[in-house]
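> One predicted model, sequence on top.
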Amino acid sequence: MPNTDSGGERAGKPPDKPQALAFVLFGSPGSGKGTQSKLLGQLLGIPQISTGDMLREHVRHGNAVGTAVEEKLKAGILVKDEVVNALVEQRLAESDTARGFILDGYPRTAAQAEKLCGMLAARGIPELVIHLVVDYNVIIARLTGRRQCPVCGTLYNLVSRAPKVSGACDLEGAKLIVREDDRESVIRERLEEYGHQTRPILDYFREKGKRIYEVDASHDPPEAVFRKIEVLIRER
(Lines give C-alpha, C1' and ligand atoms only; values in the text may rest on other atoms or scores of the structure.)
Protein backbone atom coordinates (compact mmCIF):
# COMPACT_ATOMS: atom_id res chain seq x y z
CA MET A 1 0.00 0.00 0.00
CA PRO A 2 1.53 3.36 -0.96
CA ASN A 3 2.56 5.69 1.78
CA THR A 4 0.34 8.78 2.12
CA ASP A 5 0.35 11.89 4.25
CA SER A 6 -2.45 12.95 6.60
CA GLY A 7 -4.27 14.72 3.79
CA GLY A 8 -4.54 11.56 1.71
CA GLU A 9 -1.96 12.77 -0.86
CA ARG A 10 0.74 10.42 -2.15
CA ALA A 11 3.99 10.95 -0.22
CA GLY A 12 6.56 12.93 -2.13
CA LYS A 13 4.03 14.41 -4.58
CA PRO A 14 4.83 18.09 -5.11
CA PRO A 15 2.02 20.57 -4.51
CA ASP A 16 0.12 21.82 -7.52
CA LYS A 17 1.68 24.94 -8.98
CA PRO A 18 -0.57 28.00 -8.98
CA GLN A 19 -1.80 28.89 -12.44
CA ALA A 20 0.08 31.72 -14.08
CA LEU A 21 -2.02 34.83 -14.68
CA ALA A 22 -1.56 37.89 -16.86
CA PHE A 23 -2.74 40.91 -14.91
CA VAL A 24 -3.80 43.66 -17.31
CA LEU A 25 -4.01 47.01 -15.53
CA PHE A 26 -6.19 49.20 -17.67
CA GLY A 27 -6.88 52.90 -17.29
CA SER A 28 -6.13 56.34 -18.64
CA PRO A 29 -2.73 58.04 -18.22
CA GLY A 30 -2.37 59.09 -14.60
CA SER A 31 -4.82 56.51 -13.26
CA GLY A 32 -2.12 54.90 -11.12
CA LYS A 33 -1.33 51.83 -13.22
CA GLY A 34 2.39 52.10 -12.54
CA THR A 35 2.02 52.35 -8.77
CA GLN A 36 -0.56 49.57 -8.54
CA SER A 37 1.39 47.23 -10.81
CA LYS A 38 4.51 47.66 -8.65
CA LEU A 39 2.52 46.87 -5.49
CA LEU A 40 0.95 43.87 -7.20
CA GLY A 41 4.35 42.64 -8.34
CA GLN A 42 5.72 42.89 -4.80
CA LEU A 43 2.74 40.94 -3.45
CA LEU A 44 2.85 38.13 -6.02
CA GLY A 45 6.55 38.06 -6.87
CA ILE A 46 5.97 38.45 -10.61
CA PRO A 47 7.43 41.03 -13.03
CA GLN A 48 5.83 44.32 -13.97
CA ILE A 49 6.01 44.97 -17.70
CA SER A 50 5.61 48.63 -18.61
CA THR A 51 5.64 49.42 -22.32
CA GLY A 52 6.16 53.09 -21.49
CA ASP A 53 9.28 52.27 -19.48
CA MET A 54 10.57 50.01 -22.26
CA LEU A 55 10.08 52.70 -24.89
CA ARG A 56 11.75 55.38 -22.75
CA GLU A 57 14.68 53.03 -22.17
CA HIS A 58 15.15 52.68 -25.93
CA VAL A 59 15.07 56.48 -26.23
CA ARG A 60 17.77 56.80 -23.53
CA HIS A 61 19.96 54.30 -25.40
CA GLY A 62 19.44 56.17 -28.68
CA ASN A 63 18.97 52.97 -30.68
CA ALA A 64 16.80 52.48 -33.78
CA VAL A 65 13.59 51.92 -31.79
CA GLY A 66 14.28 54.91 -29.56
CA THR A 67 14.97 57.21 -32.51
CA ALA A 68 11.74 56.09 -34.20
CA VAL A 69 9.49 56.68 -31.17
CA GLU A 70 11.10 59.66 -29.40
CA GLU A 71 9.07 62.41 -31.08
CA LYS A 72 5.83 60.46 -30.65
CA LEU A 73 6.44 60.10 -26.92
CA LYS A 74 7.18 63.81 -26.57
CA ALA A 75 3.98 64.68 -28.45
CA GLY A 76 1.83 62.20 -26.54
CA ILE A 77 1.05 60.19 -29.69
CA LEU A 78 0.62 56.43 -29.51
CA VAL A 79 3.50 54.39 -30.92
CA LYS A 80 2.63 52.04 -33.80
CA ASP A 81 1.02 48.77 -32.75
CA GLU A 82 3.59 46.59 -34.48
CA VAL A 83 6.47 48.24 -32.59
CA VAL A 84 4.83 47.85 -29.17
CA ASN A 85 3.57 44.32 -29.91
CA ALA A 86 7.08 43.21 -30.84
CA LEU A 87 8.54 44.62 -27.61
CA VAL A 88 5.90 42.86 -25.49
CA GLU A 89 6.30 39.55 -27.32
CA GLN A 90 10.07 39.64 -26.77
CA ARG A 91 9.57 40.43 -23.09
CA LEU A 92 7.05 37.63 -22.54
CA ALA A 93 9.57 35.14 -23.94
CA GLU A 94 11.87 35.77 -20.96
CA SER A 95 11.95 33.15 -18.22
CA ASP A 96 10.74 35.33 -15.35
CA THR A 97 7.26 35.55 -16.88
CA ALA A 98 6.55 31.81 -16.47
CA ARG A 99 4.72 32.35 -13.15
CA GLY A 100 2.70 35.27 -14.47
CA PHE A 101 3.23 38.97 -15.07
CA ILE A 102 1.63 42.40 -14.87
CA LEU A 103 1.05 44.50 -17.96
CA ASP A 104 1.16 48.24 -17.31
CA GLY A 105 0.16 50.42 -20.28
CA TYR A 106 -0.50 47.54 -22.68
CA PRO A 107 -2.71 47.02 -24.58
CA ARG A 108 -3.64 50.57 -25.59
CA THR A 109 -5.57 49.83 -28.79
CA ALA A 110 -8.04 47.15 -29.83
CA ALA A 111 -5.45 45.76 -32.24
CA GLN A 112 -2.97 45.39 -29.38
CA ALA A 113 -5.66 43.70 -27.27
CA GLU A 114 -6.30 41.19 -30.04
CA LYS A 115 -2.57 40.50 -30.34
CA LEU A 116 -2.29 40.08 -26.57
CA CYS A 117 -5.15 37.58 -26.43
CA GLY A 118 -3.41 35.56 -29.14
CA MET A 119 -0.09 35.59 -27.28
CA LEU A 120 -1.74 34.53 -24.02
CA ALA A 121 -3.82 31.80 -25.68
CA ALA A 122 -0.66 30.36 -27.25
CA ARG A 123 0.93 30.19 -23.78
CA GLY A 124 -2.20 28.92 -22.01
CA ILE A 125 -2.24 31.93 -19.69
CA PRO A 126 -5.58 33.56 -18.78
CA GLU A 127 -5.84 37.31 -18.22
CA LEU A 128 -7.30 39.24 -15.31
CA VAL A 129 -8.35 42.73 -16.42
CA ILE A 130 -8.41 45.50 -13.80
CA HIS A 131 -9.79 48.88 -14.89
CA LEU A 132 -8.74 51.84 -12.75
CA VAL A 133 -11.41 54.54 -13.09
CA VAL A 134 -10.32 58.14 -12.45
CA ASP A 135 -11.97 61.49 -13.27
CA TYR A 136 -10.02 63.37 -15.98
CA ASN A 137 -9.78 66.58 -13.91
CA VAL A 138 -8.13 64.57 -11.14
CA ILE A 139 -5.70 63.08 -13.66
CA ILE A 140 -4.57 66.47 -14.97
CA ALA A 141 -3.96 67.72 -11.43
CA ARG A 142 -2.00 64.57 -10.61
CA LEU A 143 0.25 64.50 -13.63
CA THR A 144 1.19 68.16 -13.76
CA GLY A 145 2.51 67.75 -10.22
CA ARG A 146 4.44 64.57 -10.97
CA ARG A 147 8.24 64.48 -10.78
CA GLN A 148 10.66 61.62 -11.45
CA CYS A 149 14.17 60.72 -10.36
CA PRO A 150 16.35 60.43 -13.49
CA VAL A 151 18.61 57.92 -11.73
CA CYS A 152 16.31 55.33 -10.10
CA GLY A 153 13.00 56.22 -11.78
CA THR A 154 11.09 56.79 -8.51
CA LEU A 155 7.96 58.88 -9.03
CA TYR A 156 6.85 61.68 -6.71
CA ASN A 157 3.91 64.09 -6.69
CA LEU A 158 4.09 67.61 -5.33
CA VAL A 159 0.63 67.23 -3.80
CA SER A 160 0.18 63.61 -2.76
CA ARG A 161 3.73 62.20 -2.47
CA ALA A 162 6.24 65.00 -2.15
CA PRO A 163 9.95 64.21 -1.63
CA LYS A 164 11.42 64.83 1.81
CA VAL A 165 13.71 67.49 0.36
CA SER A 166 12.05 69.73 -2.21
CA GLY A 167 13.17 68.88 -5.73
CA ALA A 168 15.42 65.96 -4.76
CA CYS A 169 14.98 62.18 -4.80
CA ASP A 170 14.74 60.58 -1.34
CA LEU A 171 16.84 57.63 -2.47
CA GLU A 172 19.46 59.09 -4.81
CA GLY A 173 19.49 62.78 -3.94
CA ALA A 174 19.31 63.55 -7.67
CA LYS A 175 17.41 66.59 -8.95
CA LEU A 176 13.88 65.56 -9.91
CA ILE A 177 12.66 66.19 -13.44
CA VAL A 178 9.35 66.72 -15.21
CA ARG A 179 8.90 64.02 -17.84
CA GLU A 180 8.07 65.27 -21.31
CA ASP A 181 4.80 63.34 -21.30
CA ASP A 182 3.72 65.00 -18.01
CA ARG A 183 3.39 68.50 -19.49
CA GLU A 184 -0.27 69.64 -19.45
CA SER A 185 -0.52 70.01 -23.23
CA VAL A 186 0.82 66.48 -23.67
CA ILE A 187 -1.48 65.14 -20.94
CA ARG A 188 -4.55 66.52 -22.68
CA GLU A 189 -3.37 65.03 -25.97
CA ARG A 190 -2.84 61.67 -24.29
CA LEU A 191 -6.32 61.75 -22.75
CA GLU A 192 -7.85 62.56 -26.12
CA GLU A 193 -5.96 59.68 -27.72
CA TYR A 194 -7.11 57.46 -24.88
CA GLY A 195 -10.73 58.36 -25.46
CA HIS A 196 -10.56 57.68 -29.19
CA GLN A 197 -8.35 54.60 -29.34
CA THR A 198 -7.82 52.95 -25.97
CA ARG A 199 -11.24 52.88 -24.33
CA PRO A 200 -12.63 50.57 -27.06
CA ILE A 201 -10.42 47.89 -25.51
CA LEU A 202 -13.06 47.53 -22.81
CA ASP A 203 -15.63 46.74 -25.46
CA TYR A 204 -13.25 44.26 -27.09
CA PHE A 205 -12.66 42.38 -23.85
CA ARG A 206 -16.38 42.33 -23.06
CA GLU A 207 -17.20 41.00 -26.53
CA LYS A 208 -14.66 38.22 -25.93
CA GLY A 209 -16.42 37.33 -22.68
CA LYS A 210 -13.59 38.59 -20.46
CA ARG A 211 -14.52 39.78 -17.01
CA ILE A 212 -13.42 43.33 -16.20
CA TYR A 213 -12.92 44.38 -12.58
CA GLU A 214 -13.50 48.12 -12.15
CA VAL A 215 -11.84 49.98 -9.28
CA ASP A 216 -12.56 53.61 -8.37
CA ALA A 217 -9.12 55.21 -8.02
CA SER A 218 -10.06 58.91 -8.12
CA HIS A 219 -9.60 60.02 -4.53
CA ASP A 220 -8.27 57.18 -2.35
CA PRO A 221 -4.51 56.99 -1.66
CA PRO A 222 -2.60 54.26 -3.56
CA GLU A 223 -2.55 51.90 -0.56
CA ALA A 224 -6.35 52.03 -0.24
CA VAL A 225 -6.78 51.41 -3.97
CA PHE A 226 -4.46 48.43 -3.71
CA ARG A 227 -6.51 46.96 -0.88
CA LYS A 228 -9.51 47.01 -3.23
CA ILE A 229 -7.47 45.13 -5.83
CA GLU A 230 -6.36 42.56 -3.24
CA VAL A 231 -10.00 41.88 -2.35
CA LEU A 232 -10.85 41.33 -6.03
CA ILE A 233 -7.97 38.89 -6.44
CA ARG A 234 -9.02 36.86 -3.39
CA GLU A 235 -12.66 36.76 -4.41
CA ARG A 236 -12.27 35.94 -8.11
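Okay, I see it. Residues are numbered from 1 along each chain as shown.
> where are the low-confidence patches of this structure?
1-18 (pLDDT under 70).
> quick one: the helices in it?
33-44, 51-61, 64-75, 81-92, 110-123, 136-144, 184-193, 200-207, 222-235 (DSSP state H).
> Please work out which of those helices is packed deepest.
Of these, the one with the most neighbours on average (mean count of other CB atoms under 10 Å) is helix 33-44, at a mean of 19. Backbone N, C-alpha and C define where each C-beta goes, glycine included.
> quick one: Ala141 from Ile130, how far?
Per CB to CB, to the nearest Å, Ala141 is found 23 Å from Ile130.
> Please give me every residue in contact with Val129.
24, 26, 205, 210-213 (CB atoms under 8 Å, 6 or more residues apart in numbering).
> Around Tyr194, how many other residues sit close by?
A count of nearby residues for Tyr194, using other CB atoms under 10 Å, gives 20.
> Quick check: closest non-adjacent residue to it.
The shortest distance from Tyr194 to any non-neighbouring residue, by CB to CB, 6 or more residues apart in numbering, is to Ser28 (4.8 Å).
> quick one: the one you found and Ile140 touch, right?
No. Ser28 lies out of contact with Ile140 (CB atoms under 8 Å); the separation is 10.5 Å.
> where do the contact lists of these two overlap?
Each of Leu191 lies in contact with both Ser28 and Ile140 under the rule CB under 8 Å, 6+ apart.
> re the thing from before, format the helices of the chain as TSV; extra columns: distance to Cys169.
Below are these laid out as TSV (distance: least, CB to CB, whole Å):
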stretch	distance to Cys169
helix 33-44	16
helix 51-61	17
helix 64-75	22
helix 81-92	27
helix 110-123	32
helix 136-144	18
helix 184-193	22
helix 200-207	34
helix 222-235	18
